[in-house]
Every structure is written in C-alpha cells, then in structure tokens.
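K.L.:
fold the following for me, if possible:
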Amino acid sequence: MALFNMHYDRPGPGVDPDTPRKKGAARFLEVLGRDMTSFWLASFLTLLSALPFALGLWFSLVTHALIPMILSGLVGGMIAAPQLCGLQDTILRSLRDEPGYWWNTYRRAWKRNAKASLLPGALGGLVLATQIFTLFHMNEESGSMMPVLLLVGSVLLAGLAQYVFAQVALLDMPFLTTFKNAVFLFLGYLPRTMLGVVWQLVYWGVVILLWPISSILILITGTWLPALLSLMAIYPVLDKSFHVEERVKEMREEQLKDE
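P.N.:
Numbers count the residues shown, from 1 in each chain. Next up, the predicted model:
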C-alpha cells in the first residue's frame with residue numbers, strides 16, 4: 001500500500017494524538033488554521049498544472065474543433081493528475097492529523113503517485129472536457145434532456161473522482177480495482193458521496209456564474225477549498241473502508257520500536 005511508504009522521523013506541525021477530534025465547522029476551522037498554507041501551496045501547483053487543459057479546451061471552444069478538445073482532455077488531464085493527487089495527499093494527512101513539513105511529504109507523495117494518477121487523469125480529463133464542450137455548444141435544438149444528462153454526468157464524475165484520486169493518494173492498487181472500489185463507495189455511502197459532490201458543484205458553479213469577479217476567489221481558495229470540503233465529507237468512509245488511521249498508527253509504533 002502506498003500509504004505505508006512513510007517516514008515519521010522528520011519533525012513537523014501536528015496535534016496531540018489524545019486530543020478529541022472536533023467535528024463539522026469546528027473541525028474545518030481547526031485544520032484550516034493549522035494547514036492553510038500547505039493547502040494553498042498544493043492548490044497553486046494544481047492550478048498551474050491545469051493550464052494546459054484550460055488553454056487547450058479554450059482553443060477547442062473558440063474553434064469548435066473536436067481534436068483539440070480530445071487532446072486537452074487526455075494530455076491536460078494527465079499533466080494535472082499528479083498535482084491533484086498531491087493536493088489530496090496534503091489534505092488527507094491534515095485530516096488524520098499527521099505531523100510533517102509540507103514540501104517533504106508532498107514531494108514523496110508526488111513521486112509515489114505520479115504514475116498511478118496518469119490513467120484516471122486522462123480519463124477524467126477527457127470526460128470533463130467533453131461535458132464542457134457539449135455544454136458550450138448546446139442550443140434550442142439540443143432538447144430539454146441534454147441539460148439533465150450533463151448534470152447527471154457531472155454528479156457521477158465528481159462523485160467517482162473524489163474516491164478515485166483519494167485512493168490513488170492512499171493506496172497502491174490497479175486502476176480497475178480502484179475504480180470498482182469507487183463505484184461501491186459511491187453507491188454504498190450515497191449521503192456522504194452527495195455531500196462531497198454538492199460542495200464541489202456549488203463552488204465551481206459560483207466560480208462560473210461570477211466570472212471574472214470570481215477570479216479573486218480562485219487566487220485565494222483555488223482548488224483546495226472544494227477538495228477539503230469534499231474530503232471532509234467522505235474521509236470517515238475512507239477510514240472505515242481501508243482502516244487508514246489504524247494502519248498508520250501501527251506503522252508508527254513499529255518504527256518507534258525499531259529506533
């Protein structure tokens with residue numbers, strides 16, 4: 001499991017393991033106050049890596065060409081995926097109150113997850129680019145069902161992606177196994193799944209509706225805010241399904257014994 005390729009010998013910010021964990025808004029403010037700088041830095045790298053996707057998609061929209069759309073989705077998604085996994089890893093470590101300096105842990109996570117993130121990045125990027133391209137070219141002849149189909153597709157993409165990339169950051173498994181787990185988690189924990197999806201859709205909906213004013217919001221909250229809210233919604237599911245914190249605790253105890 002990729003989760004176990006860790007080193008706990010480096011000092012860093014953290015919390016007392018015996019401190020009762022807060023919930024809801026109090027928990028959000030706690031992790032934000034402690035790790036916002038790490039979130040912002042990881043988000044900034046994610047935004048930079050998403051520029052090829054955004055520029056390629058913009059070119060396909062203004063030229064109404066399918067080939068640039070396909071290329072921007074596939075190649076742009078692959079370029080952005082390792083940084084997206086790095087952001088996921090940063091947030092997940094914060095949610096399990098793991099100590100460590102951001103750059104050290106981010107760099108190790110990036111190297112560990114880069115290869116495994118490429119295929120989900122390409123597929124997710126292609127689906128997202130197709131949805132945006134379709135939405136941009138909708139007209140009255142498209143019918144009333146097309147917006148419904150796009151909304152359903154967006155919910156499925158956001159819901160499955162939050163589980164897929166979280167698993168890539170936590171585990172070392174083949175993509176088909178990761179995707180199968182994502183489907184089971186999506187359906188098996190539907191209320192938490194939908195809470196994570198709602199946070200993502202509301203955030204990006206606000207960004208789109210208020211653009212270009214919302215560009216200021218992007219500079220401040222970037223991709224870390226929807227990712228944090230989404231992972232806070234599904235983290236109990238991930239911990240229950242994969243015993244994340246239990247296994248991390250076992251690894252720490254074994255490493256302490258070795259020392």
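K.L.:
what bits of the stretch 51-200 of the chain have low per-residue confidence?
P.N.:
In the predicted model of the stretch 51-200 of the chain, residues 140-143 satisfy pLDDT under 70.
K.L.:
show me where the stretch 151-259 of the chain has its helices.
P.N.:
Residue ranges of the helices in the stretch 151-259 of the chain, as given by DSSP state H, counting those that start in this stretch, are 175-188, 190-209, 215-221, 224-242, 244-258.
K.L.:
helices or strands up against the longest one?
P.N.:
Right, the one you point to is helix 190-209. Contact here means 3 or more CB pairs under 8 Å, 6 or more residues apart in numbering; DSSP states H and E; on that basis helix 190-209 packs against helix 145-170, helix 175-188, helix 215-221, helix 224-242. Every C-beta, even on glycine, is put in place using the N, C-alpha and C of the backbone.
K.L.:
quick one: what helix or strand has the closest residue to residue 86 other than its chain neighbours in it?
P.N.:
The spatial neighbour of residue 86 that comes closest, neighbours along the chain excluded (CB to CB, 6 or more residues apart in numbering), is residue 110 at 4.9 Å. In the assignment (DSSP states H and E), residue 110 maps to helix 102-136.
K.L.:
list the helices and strands that helix packs on?
P.N.:
For helix 102-136, the elements it packs on are helix 24-49, helix 51-63, helix 66-95, helix 145-170, helix 175-188, judged by 3+ CB pairs under 8 Å, 6+ apart.
K.L.:
of the ones you listed, which is nearest residue 121?
P.N.:
Comparing the helices and strands packed on helix 102-136 by their distance to residue 121 (CB to CB), the top pick is helix 66-95, with 2.4 Å.
K.L.:
other SSEs contacting the closest one?
P.N.:
The criterion is 3+ CB pairs under 8 Å, 6+ apart, and the helices and strands that helix 66-95 contacts are helix 24-49, helix 51-63, helix 102-136, helix 145-170, helix 224-242.
K.L.:
thinking again about what came up before, I'd like the helices of the stretch 151-259 of the chain as a markdown table, with mean neighbour count and distance to residue 120 appended.
P.N.:
Shown next, in a markdown table, are these (neighbours: other CB atoms under 10 Å; distance: least, CB to CB, whole Å):
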| stretch | mean neighbour count | distance to residue 120 |
| --- | --- | --- |
| helix 175-188 | 16 | 6 |
| helix 190-209 | 16 | 16 |
| helix 215-221 | 13 | 23 |
| helix 224-242 | 20 | 15 |
| helix 244-258 | 13 | 19 |
